[in-house]
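Participant: just a sequence and a predicted model for now, questions to come.
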Amino acid sequence: MILDLFFPNRCIECSRIIDPDLLVCDLCFNQIHFTHYDYFENTPIKEKCSLFFPIENAFALIQFEKENLSRKIIHELKYRGREKVGKILAEWTTERLDFKNAKPDLMVSVPLHPKKLRERGYNQLHLFTETVSAFYEIPFDHQLLKRNHYSKAQALKDKKHRLEAVNTFSVTQPVTGKHILLIDDVFTTGNTISSVAWEILNAGDNKVSVLVMAMDV
């Protein structure tokens, strides 16, 4: 309570004092560019994924445009140590994502390399995944995949290096006959999610759908 008094939580956009559990004030919330995608429709993210691998369905919560509030939100989560932002993004997702009667069997997030995990202190996708999992009652597995190579974050790479398949992943245990929902933070070139998807698809008779926090338009 003393910390809240002297260091109140502030909106990341306008710096107004806000409730400790919030990220932005009501006025700035209206600046967030939500996609309003339907999980089952042929949306831009589904179209882009389909260029790389067989995809069932796809959903992106917000648009990751240059210099907009959505980008600030993702950067707060990934680079400023605010792991709780993942929970807020998950709550916004559950207000907008409807699986209807076709829920996936399992949720799996893109893993960090152990070195990157030590540097950041947390996987920015875990709290998001766990919150969404609890809401829809879909199990998750943080151990199914591992990243084999350490590399720079996608946002820090130039376009040429983002297109290179430098990040490789492995499936750590048998998985077959499952509809798996892959979770990532930002869809940029599709290189990362494609690499992960093919590991899942090649592991057995599996299907893949995608859920990302943001889509780089």
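Facilitator: Noted; the coordinates are in hand. Residues are numbered from 1 along each chain as shown.

Participant: separation between Gln173 and Ile180?
Facilitator: In this structure, Gln173 and Ile180 are 13 Å apart, going by CB to CB, to the nearest Å. The way it works is simple: take the backbone N, C-alpha and C, and place the C-beta from them, glycine included.

Participant: likewise Arg147?
Facilitator: Arg147 is 17 Å from Ile180, where distance means CB to CB.

Participant: these two: who's more crowded?
Facilitator: It is Ile180, of Arg147 and Ile180, that has more neighbours when counted by other CB atoms under 10 Å, with 25 against 21.

Participant: report the backbone C-alpha coordinates of the top helix by length along the chain in CSV.
Facilitator: Criterion DSSP state H: the longest helix present in the chain is helix 191-203. Taking only C-alpha atoms (Å, rounded to 0.1, in the frame of the first residue of the first chain), the coordinates of helix 191-203 have been written out as CSV:
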residue,chain,number,x,y,z
ASN,A,191,9.1,-17.9,-39.7
THR,A,192,9.0,-18.8,-36.0
ILE,A,193,5.4,-20.0,-35.9
SER,A,194,5.9,-22.0,-39.1
SER,A,195,9.0,-23.7,-37.7
VAL,A,196,7.1,-24.7,-34.5
ALA,A,197,4.0,-25.8,-36.5
TRP,A,198,6.0,-28.2,-38.7
GLU,A,199,7.6,-29.8,-35.7
ILE,A,200,4.1,-30.5,-34.3
LEU,A,201,2.7,-31.7,-37.7
ASN,A,202,5.6,-34.0,-38.4
ALA,A,203,5.4,-35.5,-34.9
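
Participant: what is it packed up against?
Facilitator: Contact here means 3 or more CB pairs under 8 Å, 6 or more residues apart in numbering; DSSP states H and E; on that basis helix 191-203 packs against helix 44-50, strand 145-147, strand 169-171, strand 179-187, strand 207-215.

Participant: list the buried residues of the third one.
Facilitator: By neighbour count on 16 or more other CB atoms under 10 Å, the buried set for strand 169-171 is 169, 171.

Participant: which residues does it contact?
Facilitator: If you take CB atoms under 8 Å, 6 or more residues apart in numbering as the criterion, strand 169-171 is touched by 110-111, 144-148, 195-196, 199-200, 203.

Participant: if you skip the residues just before and after it, what's nearest to Asp19?
Facilitator: Nearest residue to Asp19 in three dimensions, chain neighbours excluded: Asn9, at 6.9 Å (CB to CB, 6 or more residues apart in numbering).
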